[in-house]
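Student: Sequence unavailable; structure follows:
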């Protein structure tokens with residue numbers, strides 16, 4: 001089940017971990033990663049990344 005993050009405020013920067021290629025498992029918790037056209041998100045923790 002995906003967790004919904006609180007909405008980001010205008011002054012809060014968005015930071016994503018850069019990755020060189022698509023990954024299938026989260027490097028933080030080893031759970032499944034969802035690929036949203038280059039934006040990767042873990043289905044269990046708050047890890048997110050952009051494919052560089």
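Tutor: Done, it's in. A quick note: this is a predicted structure, and the numbers were derived from the prediction, not measured.
Student: hey, what's the most centrally placed residue in the chain bridged with?
Tutor: In the chain, the centroid-proximal residue (Cα atoms, centre = their mean) is residue 48; its distance is 1.6 Å. Per DSSP bridges, the residues bridged to residue 48 are residue 41.
Student: Does residue 49 touch residue 21 like I think?
Tutor: No. Distance between residue 49 and residue 21: 10.6 Å, which falls outside the contact criterion (Cβ atoms under 8 Å). C-betas here are computed from N, CA, C, even on glycine.
Student: Sketch out the low-pLDDT regions of this protein for me.
Tutor: 1-14 (pLDDT under 70).
Student: which residues of it fall in strands?
Tutor: 17-19, 33-36, 39-42, 48-51 (DSSP state E).
Student: Of those strands, which stretch is the most buried?
Tutor: strand 39-42 (a mean of 18; mean count of other Cβ atoms under 10 Å).
Student: Tell me how many other residues crowd residue 23.
Tutor: Counted by other Cβ atoms under 10 Å, the residues lying close to residue 23 total 15.
Student: Contact partners for it?
Tutor: For residue 23, the contact set (Cβ atoms under 8 Å, 6 or more residues apart in numbering) comprises 33, 40, 49.
Student: what sits against the second one?
Tutor: The contact partners of residue 40, by Cβ under 8 Å, 6+ apart, come to 19, 22, 23, 33, 34, 48, 49, 50, 51.
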